[in-house]
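Chemist: This is a predicted model, with the sequence first.
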Amino acid sequence: MSAEPVLAVEGLKKHFPVEKGVLRRVVAHVKAVDGVSFAIRPGETLCLVGESGCGKSTVGKLAMGLIPATAGTIRLHGTDITGLSRTQMQPWRKRIQMVFQDPSASLNPRLTAGAVVSEPLENFGDIPASERSDRTVALLKKVGLSSDAMHKYPFEFSGGQKQRLGIARALALNPSVIVADEPVSALDVSVQAQVLNLMMDLQEEFGLAYLFVSHDLGVVEHIGHRIAVMYLGRIVEVADRDAIFANPRHPYTRALISAAPLPDPRARREKLVIEGDVPSPQNPPPGCHFHTRCPFAVARCRVDSPALRTLKDGRLAACHLED
């Protein structure tokens, strides 16, 4: 695996303004993403996991350039693409593509499958019109759809087939990075494995890097190489997949792992119950954001925000208990 990251973000922040009154004055900010850093190398899958509202999907949109960042940098193949205008971002669209959560909502119902896949080729003009049809058929076959699918409309496909179509569209421009935002959460369990295995096969064939956003630890354990755990806009732990599941170090990670169902009904796992609700990202608690729910919190946790630092085993964790 190459040592040079294909996608790297550093100190990434996204604060959404809260407006109030007739004059729409900004009275506060929702800190959806509050200082996130990571890097992904070719052929690697970095999974972002956490509870709903932790900011993981917002990170994906920031990486894609779909929304502007409040602070921080986003580098694609070593080039800073943060804050590029729509026109300036256009050449980089070929390098980074997205697979959306809801395949039904992300496909134009007025276009045939062939038109959906060939549209990026037409927009960027990399392939002559005479060759687009052959390229489209090849892409459809690559994701397990027949050439007859070219003439069908999205409503004629099942959920799994629609997501395969979305993956074919993402592959059309030969990207190096794909941001997958909960790509299998809307699918039946039996279909999820098929789509995940397809993505893994395509990654091996093309050397793709995935930023894979998910709340499902079973999915993450199947497809991920490294896992970054998010809580209230911040990453609290990053480690290899096996290390995360075998020995989670941050209390929040331990709670997530302990709550995940096991495939063997006879197996038992030590439970770590966290009480209370997730604080509002509009008014996050001082110090460690997790201290209001952490059963191990000490006085320092309430005032001092722990930095994400490297532990002895090589993983990253943001917890005073690891000092």
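Modeler: Nice, I can see it.
Chemist: so where's the stretch 151-300 of the chain uncertain?
Modeler: The stretch 151-300 of the chain contains residues with pLDDT under 70 at 264-265.
Chemist: Break down the protein into its strands, ranges please.
Modeler: 7-20, 25-40, 45-49, 71-76, 79-80, 96-99, 177-181, 209-213, 226-231, 234-240, 309-310, 316-317 (DSSP state E).
Chemist: Among those strands, which comes closest to Phe155?
Modeler: With CB to CB as the criterion, Phe155 lies closest to strand 96-99 of the strands of the chain, at 19.4 Å. Any C-beta I mention is one placed from the backbone N, CA and C, and that applies to glycine too.
Chemist: mean confidence score for that closest one?
Modeler: What strand 96-99 shows for mean pLDDT is 96.
Chemist: Tell me the buried residues in that strand?
Modeler: Buried residues in strand 96-99, counting neighbours by 16 or more other CB atoms under 10 Å, are found at Ile96, Gln97, Met98, Val99.
Chemist: So the second one sits against Ala180, correct?
Modeler: This points to Gln97. No - using CB atoms under 8 Å, Gln97 is not in contact with Ala180; the gap is 9.7 Å.
Chemist: residue nearest the centroid of the protein?
Modeler: For the chain, the residue lying nearest the average C-alpha position, counting by CA atoms, centre = their mean, turns out to be Val213 (2.8 Å).
Chemist: which residues does that residue bridge with?
Modeler: Beta bridges link Val213 to Leu48, Asp181, judged by DSSP bridges.
Chemist: if I look at it, how far off is Gly55?
Modeler: Distance of Val213 to Gly55, given as CB to CB, to the nearest Å: 10 Å.
Chemist: rewinding a little: go through the strands of the chain and name the closest to Val116.
Modeler: With CB to CB as the criterion, Val116 lies closest to strand 96-99 of the strands of the chain, at 12.9 Å.
Chemist: what's the offset of that closest one from the middle of its chain?
Modeler: 10 Å (CA atoms, centre = their mean, to the nearest Å).
Chemist: same check, this time on stretch 155-169
Modeler: Distance of stretch 155-169 from the chain centroid (CA atoms, centre = their mean) equals 19 Å.
Chemist: residues in contact with it?
Modeler: Stretch 155-169 is contacted from outside by 97, 99-100, 103-104, 106-107, 109, 113, 116-117, 119-120, 139-140, 142-145, 149, 154, 183-184, 186-188, 191, 194-195, 198-199, 202, using CB atoms under 8 Å, 6 or more residues apart in numbering.
Chemist: redo that, cut-off 7 Å
Modeler: Contacts to stretch 155-169, defined as CB atoms under 7 Å, 6 or more residues apart in numbering, come from residues 99-100, 103-104, 106-107, 109, 113, 116-117, 120, 139-140, 142-145, 154, 183, 186-187, 191, 194-195, 198-199.
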